[in-house]
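# Here is the input, now give the coordinates:
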Amino acid sequence: MAIRLEKIQEPQPITASSGQVDLRSVTKRYGNGDLVLDNINLSIAESEFVSIIGPSGCGKSTLLKLVAGLTRLSSGKVRVAGVEPVRARKVMSFMFQDATLLPWRTVQGNVELSTELHGMKKTERATIAKEMLSLVGLSHVAHQFPRQLSGGMKMRVSIARALSTHPTVLLMDEPFAALDEMTRNRLNEELLRLRAESRWTGLFVTHSVAEAVFLSDRIIVLAAQPGRLAYDLPIHFTVSRNAELRLRDEFEEAVIDVSKKLRSVMN
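Presented below is the predicted three-dimensional model:
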């Protein structure tokens, strides 16, 4: 069956709306006065998966931290599920570039950490952790320690932990960047499967155009110095996204189109 990629559109003006995640006139300066992000307006709908790409130093990770409430705005407004990020932390989970597993805890103990911090009872934590490990195919290593796992397995534990609180918004800062291409591709497919089951809203930072095209409903391209929204690109395929999609001419064409947009903001 042929795959049709809808023509990538030029960015349209962003109008006021009420999405699952909303950023309005967001500006971020560091203490020395350097402008990192300038007038970012972005709305992400419920269950939408959006990737953020751009040159180094354009503020991709800073934007994600603003949504998570991990750093303060200089001006503007961020809302998650209609409230300020610090009030929405119970509905969000954050995945970092590293799996950030505690070496002295077992795999199951690491997955239980998020629910433990949420004050959940021990028996309930254990039940949820087992469910999440089954979901990511790691039930057989529940009692092993992080040092006994491969890099890909560690990231699957990180995914299980992030999903253990049943978030409605999942924030991911290059979680697969350190992995080899084959492992990374498998985890991309795993992430799509998990999202199809739970329909959380995803905001994903990556340097890989191919990864962004494979995963995303939309791709946000940021320009640098200061970071600002250059393109808002919808990505649509007419069939399910799976490993075969990467072999299609249409996928390659989409990667080339987005890459051209990215190069245009790096000149």
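
# Quick check: which ranges of this structure have low pLDDT?
1-18, 238, 267 (pLDDT under 70).

# Not counting sequence-adjacent ones, nearest residue to residue 152?
Excluding the flanking residues, the one nearest residue 152 by Cβ to Cβ, 6 or more residues apart in numbering is residue 183, at 4.0 Å. Where C-beta positions appear, they are placed from N, C-alpha and C, glycine not excepted.

# can you confirm that neighbour is in a helix?
Yes - under DSSP: H, G, I helix; E, B strand; the rest coil, residue 183 sits within a helix.

# There's contact between it and residue 156 in this structure, I believe.
No - contact criterion Cβ atoms under 8 Å: residue 183 and residue 156 do not qualify, at 9.9 Å.

# follow-up on the earlier one: what's around the residue nearest to residue 152, how many residues?
17 (other Cβ atoms under 10 Å).

# Then residue 114?
Close neighbours of residue 114, defined as other Cβ under 10 Å, add up to 22.

# I'd like to know how far it sits from residue 253.
Separation of residue 114 from residue 253 (Cβ to Cβ, to the nearest Å): 40 Å.

# One more: residue 113?
Distance from residue 113 to residue 253, by Cβ to Cβ: 42 Å.

# Among those two, which residue is more densely surrounded?
Each of residue 113 and residue 253 has its neighbours counted (other Cβ under 10 Å); residue 113 has more, 17 against 13.

# Give me the contacts around the helix or strand in which the more buried one is found.
Here residue 113, judged by DSSP states H and E, is contained in helix 107-117. Residues external to helix 107-117 that are found in contact with it (Cβ atoms under 8 Å, 6 or more residues apart in numbering): 93, 101-102, 105, 124-126, 128-130, 132-133, 138, 141-146, 149, 157, 160-162, 164-165.

# give me the element the residue at minimal distance from the centre of the chain is part of.
Note on the chain: the residue nearest the mean C-alpha position is residue 204, at 2.4 Å, using Cα atoms, centre = their mean. Element membership for residue 204 (DSSP H and E) is strand 201-205.

# partners of that strand, with directions?
Using DSSP bridges, the strands paired with strand 201-205 are strand 49-53 (parallel), strand 169-173 (parallel).

# Can you redo those strands as a markdown table, where the extra columns are distance to residue 190?
Formatted as a markdown table, these follow (distance: least, Cβ to Cβ, whole Å):
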| stretch | distance to residue 190 |
| --- | --- |
| strand 49-53 | 14 |
| strand 169-173 | 13 |
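
# out of everything not next to it in sequence, what's closest to residue 173?
residue 205 is the one closest to residue 173 (Cβ to Cβ, 6+ apart), at 4.9 Å.
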